[in-house]
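**Student:** Based on what follows, work out the 3D shape:
(one chain, ligands or ions: 1)
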Amino acid sequence: MRKISVIIVAALVLALLAACAGNIPGNNQGTNPGNNQGTNPGNNTGNNQEGGNGKTADNQSAKPESTPADEPGSTADGNPESTPGTQPGGNTEAHKKVLVVVFSATGTTKGVADKIAAIEDADVYEIKAKQEYTQADLNWNDRNSRSTKEQNDKRSRPEIGSERISLDGYEKVYIGFPIWWGEEPRIVDTFVESYSFDGITVIPFCTSSSSGIGRSGRNLEENAKSGKWLDGKRFPGGVSEAELKKWIDSMK
Ligand SMILES: Cc1cc2nc3c(=O)[nH]c(=O)nc-3n(C[C@H](O)[C@H](O)[C@H](O)COP(=O)(O)O)c2cc1C
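**Tutor:** Below you'll find the predicted structure:
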């Protein structure tokens, strides 16, 4: 009888234990967050990563165009001493080794500067007058025109309006200008006196109706007081790229 009681009690204990086991966390795990992971943020993360990667790739390719902060130009703009080039230089890419600086009142010398830049794979920096030259200012028949008065005064230094450029990293700098009254416009002197050309080879060039470069290159060299200056050359406005290339190659 006692044996039967012991067996019954043991059976009851076992039954109780079995009932408790049905409620333990281990069983719930089948429907808990662990399983939800199949459709939860964990998986979404996976999707996002894929989508994200796709987007990132897209974004990466779209970034330079669509993110102003990454655009060389805007970085350059944020830089007080930027390169054209972005302006040359302040951009995220390393700027070129050659710079073509140009002052051009009516566009002729700028056209030549652009051709030189194409041949040399160079940056271009344009000297713009703070007070732009009007037609009347450029009238050489008027002895009282701005340009006539400036050219008659060797100490005249018209103010530059374009943003300063950093010459850091440039090894060769071309400086182009039109001939005014047989010489460089005084604003080009303003430019050369504002920078150090230490360690830079400087090459002047000009355009004109007929005059040669004359003393212009030497005037600029004397006023710059730094840099290794090569002889300059005068070109007609319509000079060909082949002609310019011949000149450039002759200096190498
Ligand atoms: C005020 C002034 C003076 C000039 N003086 C001369 C000159 O002495 N000799 C010459 O051959 N051309 C002279 N020119 C013509 C320019 O040098 C020529 O048109 C040049 O290619 C213009 O270049 P840009 O368009 O880059 O300003 C003069 C032009 C101006 C506006």
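**Student:** isn't residue 145 right up against residue 137?
**Tutor:** Yes. If you go by Cβ atoms under 8 Å, residue 145 and residue 137 touch, sitting 5.8 Å apart. From N, CA and C alone the C-beta is placed, and that goes for glycine too.
**Student:** so where is the stretch 51-200 of the chain shaky, pLDDT-wise?
**Tutor:** 51-94 (pLDDT under 70).
**Student:** What parts of it come near the ligand?
**Tutor:** The stretch 51-200 of the chain has residues 104-110, 138, 140, 147, 178-182 near the ligand, with proximity defined as Cβ under 6 Å from any ligand atom.
**Student:** what about the closest residue to residue 138 other than its chain neighbours, helix or strand, and which?
**Tutor:** Nearest residue to residue 138, sequence neighbours excluded (Cβ to Cβ, 6 or more residues apart in numbering): residue 147, at 5.4 Å. Using DSSP states H and E, the element containing residue 147 is helix 146-152.
**Student:** Output that helix in CSV with nothing but the alpha carbons.
**Tutor:** What follows is helix 146-152, C-alpha atoms only, in CSV (Å, rounded to 0.1, in the frame of the first residue of the first chain):
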residue,chain,number,x,y,z
ARG,A,146,41.5,106.1,-67.3
SER,A,147,43.8,103.8,-69.2
THR,A,148,45.8,106.7,-70.7
LYS,A,149,46.2,108.3,-67.3
GLU,A,150,47.2,105.0,-65.7
GLN,A,151,49.8,104.3,-68.4
ASN,A,152,51.2,107.7,-68.0
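**Student:** after it, next one along is what?
**Tutor:** Next element after helix 146-152 (DSSP H and E): strand 172-178.
**Student:** Contacts only, for the nearest residue to residue 127 once chain neighbours are set aside.
**Tutor:** Nearest residue to residue 127, sequence neighbours excluded (Cβ to Cβ, 6+ apart): residue 103, at 4.1 Å. Shown in contact with residue 103 (Cβ atoms under 8 Å, 6 or more residues apart in numbering): 109, 126-127, 176-178, 185, 187-188, 191.
**Student:** Would you mind giving those as a markdown table with neighbour count added?
**Tutor:** A markdown table is the format used below for those (neighbours: other Cβ atoms under 10 Å):
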| residue | neighbour count |
| --- | --- |
| 109 | 24 |
| 126 | 17 |
| 127 | 22 |
| 176 | 29 |
| 177 | 29 |
| 178 | 24 |
| 185 | 28 |
| 187 | 23 |
| 188 | 27 |
| 191 | 23 |
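**Student:** Could you list which of the residues you listed belong to strands?
**Tutor:** Using DSSP state E, the subset of those located in strands is 126, 176-178.
**Student:** ok, those residues vs the ligand, which is closest?
**Tutor:** residue 178 (3.0 Å; Cβ to the nearest ligand atom).
**Student:** Surely that closest one touches residue 107?
**Tutor:** No. Here residue 178 does not reach residue 107: they are 9.8 Å apart, not a contact under Cβ under 8 Å.
**Student:** Between the two ends of stretch 176-183, how far is it?
**Tutor:** From its first residue to its last, stretch 176-183 covers 12 Å (Cα to Cα, to the nearest Å).
**Student:** Tell me, how many residues neighbour residue 223?
**Tutor:** Residues contacting residue 223 under the criterion other Cβ atoms under 10 Å number 17.
**Student:** how about the helices in the protein?
**Tutor:** 2-21, 25-28, 33-36, 41-66, 72-78, 108-120, 146-152, 186-193, 216-224, 241-250 (DSSP state H).
**Student:** Averaged pLDDT, the second one. What do you get?
**Tutor:** Averaged across helix 25-28, the pLDDT comes to 32.
**Student:** Which pLDDT value does the model give residue 42?
**Tutor:** 30.
**Student:** gap between residue 131 and residue 161?
**Tutor:** 7 Å (Cβ to Cβ, to the nearest Å).
**Student:** Also residue 215?
**Tutor:** If you go by Cβ to Cβ, the gap between residue 215 and residue 161 works out to 27 Å.
**Student:** can you check residue 227 too?
**Tutor:** 24 Å.
**Student:** Brilliant, that's me finished.
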